[in-house]
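S.K.: Quick one, fold the following:
(one chain, ligands or ions: 1)
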Amino acid sequence: MERNGSASTSTSSLFLDRVGEVAVTLDPDGLSWKPIDRESSGSSCLCMNYRLKTENRIEFSNVYAVELIDWGLIEDANRNSGSFFSGNKFEMYRFVVHGFHTGKTHGSPWTLCEYTFGHKDMLICQSWVEHLIASTNNDAVRPKSLLVFVHPLCGKGNGVKTWETVAPIFSHAKVQTEVTVTQRAGHAFDCIASLSHRELSSFDGIVAVGGDGLFNEVLNGLLSSRHDAPFPPSPQELDNKSDKNCQHLNNDISRGRASLNGANGMLSAPLCGSDDLEPLLSAVESNGLGVSKCTTNNGPCNADEDVKVSFPNDWFRVGLIPAGSTDAIVISTTGTRDPVTSALHIILGKKVSLDIAQVVRWKTSPSSTEVPSVRYAASFAGYGFYGDVIKESEGYRWMGPKRYDFAGTVAFLKHRSYEAKVTFLKTEEQETSNIANDIQTSQLYQKNSKNVVCHANCSICNDFKDAAQHSADVAVSPIHSQDSRWLEYKGHFLSVGAAIISCRNERAPKGLVAEAHLADGFLHLILIKDCPHPLYLWHLINLKRGSNPFDFTFVEHHKTTAFTFVSSHNESVWNVDGEILQACQVSVQVCRGLINLFASGPEV
Ligand SMILES: Nc1ncnc2c1ncn2[C@@H]1O[C@H](COP(=O)(O)OP(=O)(O)OP(=O)(O)O)[C@@H](O)[C@H]1O
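M.R.: Residues are numbered from 1 along each chain as shown. Okay, here's the model as predicted:
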């Protein structure tokens, strides 16, 4: 390798497979090459997505692996030797640069490419490999060892095939993978929940190959015993507090006459100041943060130490390679639904924080005794229409992903509404808006959201990391603060939904809530009050078309950090990340940035 005029640039003569002899230049940002003594500069780019076009440079940020391979053939595509594919062949030592192209438009899938270089001298090849590896390992912390769960039956039954497609990318990058193909629902949860802290900390992350349901299992397996935080107040507790301390006003939403703030809608008087709200149950002994004396907030501990892995932390990451029916989590966090793109995000060590909703079920049915149980959700928790769809779809599993369209149509035609009470924590933004005037919810929505859409390196999501990374304040929403104000809605609802992220999917390309952020510490509560059938259809059409679905008088949209829900219905079904949860009393709170995902944020 010869140094050029600039100290940071060097050039060598190498052979590039299917091109011929090239002058290769290494600069601080990448690798480029120029054919020597030839006008022809054909190049190759082989892999799952075959590209055949002239390339003469690759940036280091687009290189995911560099490998020394065996002595073998390099093809010279000398134009004088005939066709491109019938050039001369030479034997030499070789190394491969594995890379990818990001596509010209945001949200387009990344495509793989590889360049095989050769030289008669093995030491020269070795030296190139060392230089390239050193140059490409500068930025993010790339994972070395991952635990992988593959759901064989997810989506159209392609889980294993999807893993087989991306597995070579991990082996090229020398990322060790311990793979389990799940045998049943709950398998991944059981495996992860039963891992000792030491076992878990021997991995840099866990990867789910499947849909949102498998991801939810992984999430719950990780957090069930490793996230210590006070529960949000139960509906009963809020009632007790409001009876004792607060003015308690209930404005029922009249059936079929949904309206906004004021007459039949929102109660803007505070239910109670919740400064002294204690968690109903201290089932988990909390130390506030969930971080014990020897924790791994800044990285895995020394193997000999008494390790405890708790969440949130700064190093453990979860990955998702999409193979499911809906894949809303992947689309909302990477901007595309592509296994190769997701695999590359994982290998490159990309990281974004994700808000997680802690859903505490207090009662399964109105007559059952209060026994809290916790479920975590990464994308969505919904009741009414959303619960009906998931329940209805269970009977049509044989249809595959199409069953959601069918079940959705059936649930829509039934047009059922449910009597329920929803109490949510008012945010500062809403306080200001309500004092100022009694504006309608759709206006409130526009005013509060400022229509800032989450994107890669989103400043809103990164805000809290700079201020107080992973402190108790950010781990749990401030629902116990002195200034908390709770608002109550009571009435008949077609659905009650809580979107933690945008939940983009093929049926709602901009998401259920287009401006939801990955890690702003808020969820979006969407209350669809009973309304005439055609209007509800219009709302659904707006979701599908990407128009504003909240611009209706029967839709309430509130950005909040916590809410409670009570229904008197015997078979109350929630849809939590696409999975069924039977519950008639729940409390939900957002835990800001509770986990890290191998992703860079939605590209919008
Ligand atoms: N081997 C298995 N057999 C049956 N169910 C499984 C298996 N592994 C995981 N599951 C469960 O299957 C459910 C659906 O998984 P997932 O969401 O990953 O796939 P999907 O095809 O998108 O599912 P769905 O169509 O139900 O949304 C989850 O509850 C998961 O726990």
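
S.K.: Asp212: neighbouring residues, count only.
M.R.: A count of nearby residues for Asp212, using other C-beta atoms under 10 Å, gives 29. Every C-beta, even on glycine, is put in place using the N, C-alpha and C of the backbone.

S.K.: Ok, Ser600 next?
M.R.: 18.

S.K.: could we number from 19 for the rest of this?
M.R.: Noted, 19 is the first residue going forward, which turns the last one into Ser618.

S.K.: For the residue lying closest to Phe167 once chain neighbours are set aside, which residues are in contact?
M.R.: Taking C-beta to C-beta, 6 or more residues apart in numbering, and ignoring the residues beside it in sequence, Phe167 has Ala206 as its nearest neighbour in space, at 4.2 Å. Contacts were defined as C-beta atoms under 8 Å, 6 or more residues apart in numbering; by that measure Ala206 touches Phe167, His169, Thr198, Thr200, Ala226, Leu232, Glu235, Val236, Gly239.

S.K.: Report pLDDT for Ala206.
M.R.: According to the model's per-residue confidence, Ala206 sits at a pLDDT of 98.

S.K.: Could you pull up phi and psi at it?
M.R.: Backbone dihedrals for Ala206, given as degrees, to the nearest 10, come out at phi -60, psi -40.

S.K.: now swap in Tyr507 and tell me
M.R.: The phi/psi pair for Tyr507 (degrees, to the nearest 10) reads phi -120, psi 140.

S.K.: ok, how many other residues are close to the nearest residue to it once chain neighbours are set aside?
M.R.: Spatial nearest neighbour of Tyr507, excluding adjacent residues (C-beta to C-beta, 6+ apart): Val440 at 4.8 Å. Applying other C-beta under 10 Å, we find 23 other residues in the vicinity of Val440.

S.K.: check which helix or strand covers Val440.
M.R.: Val440 is part of strand 436-443 when elements are defined by DSSP states H and E.

S.K.: Figure out how far that strand is from the centre of its chain.
M.R.: Averaging C-alpha coordinates over strand 436-443 and over its chain gives two centres that are 27 Å apart (C-alpha atoms, centre = their mean, to the nearest Å).

S.K.: Report the strands that pair with that strand, each with its relative direction.
M.R.: Each strand that strand 436-443 pairs with, and the sense of that pairing, follows from DSSP bridges: strand 504-517 (antiparallel), strand 580-585 (antiparallel).

S.K.: where are the low-confidence patches of the stretch 419-568 of the chain?
M.R.: Per-residue confidence of the stretch 419-568 of the chain (counting by pLDDT under 70) places the weak regions at 446-469, 482-501.

S.K.: Next: the chain.
M.R.: Filtered on pLDDT under 70, the chain yields the residue ranges 19-27, 55-72, 96-105, 156-157, 260-324, 446-469, 482-501, 622.

S.K.: Domains in it, by residue range?
M.R.: 20-154, 163-243+334-365, 253-288+377-473+498-611 (automatic domain parsing).

S.K.: what about the nearest residue to Leu241 once chain neighbours are set aside, neighbour count?
M.R.: If the residues on either side of it in the chain are set aside, Leu241 comes closest to Tyr394, at 5.0 Å by C-beta to C-beta, 6+ apart. The number of residues packed around Tyr394, counting by other C-beta under 10 Å, is 23.

S.K.: beta partners for Tyr394?
M.R.: Taking DSSP bridges as the rule, Tyr394 bridges to Gln376.

S.K.: Surely it touches Leu237?
M.R.: Yes. Tyr394 is in contact with Leu237 according to C-beta atoms under 8 Å; the separation is 5.2 Å.

S.K.: List the residues that are in contact with both of these two.
M.R.: Residues touching both Tyr394 and Leu237 comprise Ile374, with contact defined as C-beta under 8 Å, 6+ apart.

S.K.: picking that back up, could you say which of the strands paired with strand 436-443 is packed most deeply?
M.R.: strand 580-585 (a mean of 26; mean count of other C-beta atoms under 10 Å).

S.K.: Alpha carbons of it, in CSV - could you do that?
M.R.: As requested, the backbone C-alpha atoms of strand 580-585 are provided in CSV (Å, rounded to 0.1, in the frame of the first residue of the first chain):
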residue,chain,number,x,y,z
ALA,A,580,-50.8,7.6,31.9
PHE,A,581,-54.4,6.5,31.9
THR,A,582,-56.8,4.1,33.5
PHE,A,583,-59.7,2.3,32.1
VAL,A,584,-62.7,0.6,33.6
SER,A,585,-65.5,-1.3,31.8
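
S.K.: Give me the contact list for it.
M.R.: Residues from elsewhere that reach strand 580-585, judged by C-beta under 8 Å, 6+ apart: 250-253, 256, 384, 401, 436-443, 495, 497, 514, 516, 543, 602-608.

S.K.: Tell me the buried residues within the residues you listed.
M.R.: Judged by neighbour count, with 16 or more other C-beta atoms under 10 Å as the criterion, the buried members of the contacts of strand 580-585 are 250-253, 256, 401, 436-443, 495, 497, 514, 516, 543, 602-608.

S.K.: Check the burial of the closest residue to the ligand within the stretch 269-418 of the chain by counting its neighbours.
M.R.: Among all residues of the stretch 269-418 of the chain, Gly342 sits closest to the ligand, at 2.7 Å; criterion: C-beta to the nearest ligand atom. Taking other C-beta under 10 Å as the neighbour definition, Gly342 ends up with a count of 28.

S.K.: any idea how far it lies from Asp139?
M.R.: Applying C-beta to C-beta, to the nearest Å, the value for Gly342 to Asp139 is 49 Å.

S.K.: Tell me the secondary structure at the residue of the stretch 19-168 of the chain found nearest the ligand.
M.R.: Per C-beta to the nearest ligand atom, Phe167 is where the stretch 19-168 of the chain lies closest to the ligand, at 7.9 Å. Secondary structure assignment for Phe167 (DSSP: H, G, I helix; E, B strand; the rest coil): strand.

S.K.: Please identify the most buried of the domains of the chain.
M.R.: Here the criterion is mean neighbour count by mean count of other C-beta under 10 Å, and of the domains of the chain the winner is domain 163-243+334-365, at a mean of 21.

S.K.: Work out the gap between that one and the centre of the chain.
M.R.: Per C-alpha atoms, centre = their mean, the displacement of domain 163-243+334-365 from the mean C-alpha position of its chain is 12 Å.

S.K.: again with stretch 607-616
M.R.: The chain centre lies 9 Å from the centre of stretch 607-616; the measure is C-alpha atoms, centre = their mean.

S.K.: Name all residues that make contact with the residue of the stretch 19-168 of the chain closest to the ligand.
M.R.: For Phe167, the residues meeting the contact criterion (C-beta under 8 Å, 6+ apart) are 197-198, 200, 205-206, 209, 224-228, 232, 235-236.

S.K.: got TSV for those, with secondary structure too?
M.R.: Shown next, in TSV, are the contacts of Phe167 (three-state DSSP):
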residue	secondary structure
Val197	strand
Thr198	strand
Thr200	coil
His205	helix
Ala206	helix
Cys209	helix
Ile224	strand
Val225	strand
Ala226	strand
Val227	strand
Gly228	strand
Leu232	helix
Glu235	helix
Val236	helix
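
S.K.: Thanks again, I'm all set now.
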